[in-house]
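A.B. asks: Predicted model follows, preceded by the sequence.
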Amino acid sequence: MTCVYVRKATEKDLPEIKKIIDAGRGFLKEQGINQWQGAYPTSEDIKKDIDNSISYVIDVDGKVAGSATLHLGIDPDYLEMEEGEWDHGTTAHYSAIHRVSVSHEHRGQGLAGKLISGLFTVSSLLGFKDVRIDTHPMNKGMQHIILASGFTKKGIIRTKAEGDDRFAYQIELH
């Protein structure tokens, strides 16, 4: 039986997370999606998230199979929205899921959805009922995962790191 769970990332996980993100960067490029095509996210970005205890991995039988960041509180990228608005406003008490990436070895196994679900649990345990996420308008695969996870599209935001428009989504946990 396979053991699958979400846990906080440690510095020991950094090389595997970087490898997964780099492979994800290549996968996006193959699809013609201009997301993660610059330096972002760098190893320093990932290490900073680990040091700040906001980096998580999905562990499959002791191996890192994917990663994401759970930003807690106000996200500067979410302060301005075009063509829509956040429920509860831009300065509400929320968490934001970023940089969801699953190893190419585990694609098609539903792990991205499980990772997001695990981050819902973490958010709820930390007192966050409002959860937000965004993705590139051309990233149809991630849009499908986001909508299948229960999010509702709210509008368009512009990222500071890459300067591109992103579809923005929100879910209210009960």
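C.D. replies: Right, received. Where do you want to start?
A.B. asks: Where do the helices of the protein begin and end?
C.D. replies: Secondary structure of the chain (DSSP state H): helices located at 14-30, 43-51, 111-125, 140-148.
A.B. asks: Report the separation between residue 63 and residue 3.
C.D. replies: As judged by Cβ to Cβ, to the nearest Å, residue 63 and residue 3 stand 10 Å apart. Placement of C-beta: from N, CA and C, glycine included.
A.B. asks: before we move on, what about residue 141?
C.D. replies: Per Cβ to Cβ, residue 141 is found 26 Å from residue 3.
A.B. asks: could you list every residue that touches residue 20?
C.D. replies: 64, 66, 67, 101, 102, 103 (Cβ atoms under 8 Å, 6 or more residues apart in numbering).
A.B. asks: Which of these sits closest to residue 35?
C.D. replies: Closest to residue 35 out of the contacts of residue 20 is residue 101 (10.9 Å), distances taken as Cβ to Cβ.
A.B. asks: in the sheet, who's paired with that closest one?
C.D. replies: residue 67 (DSSP bridges).
A.B. asks: Let's see the pLDDT reported for the nearest residue to residue 81 once chain neighbours are set aside.
C.D. replies: Among residues not flanking residue 81 along the chain, residue 155 sits closest, at 4.4 Å (Cβ to Cβ, 6 or more residues apart in numbering). For residue 155, the pLDDT comes out at 97.
A.B. asks: ok now stretch 155-162, how far from the chain's centre?
C.D. replies: On the basis of Cα atoms, centre = their mean, to the nearest Å, stretch 155-162 sits 14 Å off its chain's mean C-alpha point.
A.B. asks: Would you indicate which residues of it are buried?
C.D. replies: Using 16 or more other Cβ atoms under 10 Å as the test for burial, stretch 155-162 gives 155, 156, 157, 159, 162.
A.B. asks: hmm, back to that, burial-wise, tell me which of the helices of the chain comes out on top.
C.D. replies: helix 111-125 (a mean of 19; mean count of other Cβ atoms under 10 Å).
A.B. asks: In terms of secondary structure, what does it contact?
C.D. replies: Under the contact criterion of 3 or more Cβ pairs under 8 Å, 6 or more residues apart in numbering; DSSP states H and E, helix 111-125 touches strand 4-8, strand 55-60, strand 63-72, strand 94-102, strand 130-135, helix 140-148.
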